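Asker: Sequence plus the predicted model coming up.
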Amino acid sequence: MTALAHARIPATVDYHQLTDAQQADFDQLMEEADTAGPASYPGLMTSLRLLTGVTGEVRKCACPWSGCGCTTVFDANNPDSLVIEYGDGYNLGRHQCPRCADWHPATDAAGLAA
């Protein structure tokens, strides 16, 4: 009997680990997903999942902490992520990845960029 190993799906990926072409595709897909209607949004999220390997609602960390510079791509449905701003009039709100939400949550005013 042969045991099959399951491929590990990354919970996060660093945006800078993507190639330049993948980064351009990611940026374009995120821009389109932000304003997409209900018919096209699911397909755009699927494309983002396939591009990054991240499951769920794909977001790039929008950590406002001065000097953080986080570029983590992650699932915004992760219970440890933090909503910074809801996407009023848009599909994609701004979120902190779980690491930034733990280390320096946006609810802590100290150190935030002005």
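Answerer: Happy to help now that I have it.
Asker: helices and strands of the chain: which one has the lowest mean pLDDT?
Answerer: Ranked by mean pLDDT, DSSP states H and E, the weakest helix or strand in the chain is strand 82-85, scoring a mean of 90.
Asker: then that strand to PDB, C-alphas only?
Answerer: The C-alpha coordinates for strand 82-85 follow below in PDB (Å, rounded to 0.1, in the frame of the first residue of the first chain):
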ATOM      1  CA  LEU A  82      -7.500  42.300  11.600                       C
ATOM      2  CA  VAL A  83      -9.900  44.400   9.600                       C
ATOM      3  CA  ILE A  84      -8.500  48.000   9.500                       C
ATOM      4  CA  GLU A  85     -11.100  49.500   7.200                       C
END
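Asker: and it, which strands flank it?
Answerer: In the sheet, strand 82-85 lines up against strand 94-96 (antiparallel) (DSSP bridges).
Asker: Now do the partner strand, average pLDDT.
Answerer: Mean pLDDT, strand 94-96: 93.
Asker: hmm, who's touching the least confident helix or strand of the chain?
Answerer: 62, 64, 76, 93-96, 100-101, 105-107 (Cβ atoms under 8 Å, 6 or more residues apart in numbering). Using the backbone N, CA and C atoms, a C-beta is placed for each residue, glycine as well.
Asker: quick one: contacts for Trp98?
Answerer: No, residue 98 isn't Trp; it's Pro. 12, 74, 78, 80-81.
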